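[1] Please find the sequence and the predicted model below.
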Amino acid sequence: MSLGRVHSMDSFGTVDGPGIRYVVFMQGCQMRCRYCHNRDTWDLREGGELISHEEVLDKILKVRNFLTGGVTVTGGEPLLQAEFVADLFQALKKHGIHTCLDSNGFAKQITPEVKRLLTYTDLVMLDIKHPDEQMHQKLTYVSGEYTRKFAMYLKELNKTTWIRYVVVEGYTVDPIYAAMLAEFVENMGCVEKVEILPYHSLGVHKWDAFKEQYELQSVRPPSNEQLDAIKTEFDQRGISAAY
Ligand code: SF4
């Protein structure tokens with residue numbers, strides 16, 4: 001049995017992977033994205049509740065008949081609690097339930113627990129915050145190196161992967177960056193599609209609760225024309241992309 005610090009759970013998720021899914025939000029994240037809409041998940045030691053993977057499994061099995069998709073574990077960052085998620089996914093696979101890991105790929109090492117977790121993962125949704133290292137640091141306050149290494153490990157495993165890319169004015173909206181990302185994705189060879197996610201500011205109130213300044217206050221969501229220009233960069237390389 002392993003214990004995990006879980007921020008919250010949603011028994012009827014429709015935007016985190018295919019079909020209707022049970023979504024488990026893990027506590028803890030080491031990135032500091034300027035647009036983070038889950039500011040309250042950052043702290044790995046506090047917040048949420050400590051719960052065993054069996055208890056989470058029981059909750060999932062109770063609503064199993066409604067889940068046309070399966071289960072997604074997201075966050076925060078689930079790789080920070082790889083053992084717990086590996087135990088949960090292993091148990092879910094015994095019940096024939098589809099498993100999806102939504103991750104920013106920030107694993108300082110590909111530990112045995114991370115490897116085990118991926119063994120029981122059917123789909124990885126990998127958030128690539130920025131393909132350019134300097135801009136990655138500007139946007140998230142950390143290096144993108146670990147995410148790129150994690151992506152190369154997914155390539156090695158030939159793991160079915162979706163890429164998620166948030167388009168935000170002043171950071172990722174320039175199509176030149178989409179072109180860089182498209183080249184990277186093409187090289188991975190295991191990416192089924194790219195989800196282009198327009199920036200939104202729905203999580204601002206959470207920053208207010210922490211009495212912290214939300215720096216993107218004046219940033220507006222991208223236009224359809226801007227999103228189309230980004231989509232074109234993927235289309236041109238035969239990579240399925242949608243927003
Ligand atoms: S990776 Fe996700 S949870 Fe972490 S800071 Fe970025 S948006 Fe927030």
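    Okay, I see it.

[2] Show me the helices in this protein, by range?
    53-62, 82-94, 112-119, 133-140, 145-157, 175-188, 204-209, 224-235 (DSSP state H).

[3] so which of those helices comes closest to Cys29?
    Nearest of the helices of the chain to Cys29, taken as CB to CB: helix 133-140 at 9.9 Å. No exception for glycine: its C-beta is placed from N, CA and C like everyone else's.

[4] The closest one vs helix 145-157, what angle?
    110 degrees (axes from the mean of the first three to the mean of the last three CA atoms, to 10 degrees).

[5] Helix 133-140 - contacts with which helices or strands?
    Helices and strands touching helix 133-140, as assessed by 3 or more CB pairs under 8 Å, 6 or more residues apart in numbering; DSSP states H and E, are absent.

[6] Please list the residues outside that helix that contact it.
    Applying CB atoms under 8 Å, 6 or more residues apart in numbering, the contact partners of helix 133-140 are 31-34, 129-130, 142-145, 147, 168, 171-172, 177.

[7] Go back to those and keep what's next to the ligand.
    Counting by CB under 6 Å from any ligand atom, Met31, Arg32, Cys33 from the contacts of helix 133-140 sit close to the ligand.

[8] Drop anything exposed from those.
    For those, a burial check counting by 16 or more other CB atoms under 10 Å picks out Met31, Cys33.

[9] Mind putting the ones next to the ligand among the contacts of helix 133-140 into JSON lines with pLDDT?
    Formatted as JSON lines, those follow (pLDDT from 0 to 100):
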{"residue": "Met31", "pLDDT": "97"}
{"residue": "Arg32", "pLDDT": "96"}
{"residue": "Cys33", "pLDDT": "96"}
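
[10] Quick one: the ones next to the ligand among the contacts of helix 133-140 as TSV, columns for distance to Asp10 too.
    Converted to TSV, these look like this (distance: CB to CB, whole Å):
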residue	distance to Asp10
Met31	21
Arg32	24
Cys33	21
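
[11] Out of the ones next to the ligand among the contacts of helix 133-140, flag the one nearest to Gly48.
    Using CB to CB, those come closest to Gly48 at Met31, 17.6 Å.

[12] what does the least confident helix or strand in the chain by mean pLDDT rub up against?
    Lowest by mean pLDDT, DSSP states H and E among the helices and strands of the chain is helix 204-209, with a mean of 88. Taking contacts as CB under 8 Å, 6+ apart, the residues outside helix 204-209 that touch it are Cys36, His37, Asn38, Arg39, Asp40, Gln213, Tyr214, Gln217.

[13] Repeat that for stretch 167-186.
    34-35, 128-132, 135, 138-139, 148, 151, 163, 165-166, 191, 194, 196-199, 216, 219-220, 222, 226-227, 229-230, 232-234, 236-237, 239, 243.

[14] Quick one: buried ones out of those?
    34-35, 128-132, 135, 139, 151, 163, 165-166, 191, 194, 196-199, 216, 219, 222, 226-227, 229-230, 233-234, 239, 243.

[15] near the ligand, which residues of the chain?
    Residues of the chain lying near the ligand (CB under 6 Å from any ligand atom): Cys29, Met31, Arg32, Cys33, Cys36, Asn38, Thr41, Gly75, Gly76, Glu77, Asn104.

[16] of all those, which two lie farthest apart?
    Arg32 and Gly75 (13.5 Å).

[17] coming back round to it: I'd like the contacts of helix 204-209 written out as JSON lines, with pLDDT added.
    As requested, the contacts of helix 204-209 are exported to JSON lines (pLDDT from 0 to 100):
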{"residue": "Cys36", "pLDDT": "95"}
{"residue": "His37", "pLDDT": "91"}
{"residue": "Asn38", "pLDDT": "92"}
{"residue": "Arg39", "pLDDT": "93"}
{"residue": "Asp40", "pLDDT": "94"}
{"residue": "Gln213", "pLDDT": "88"}
{"residue": "Tyr214", "pLDDT": "91"}
{"residue": "Gln217", "pLDDT": "87"}
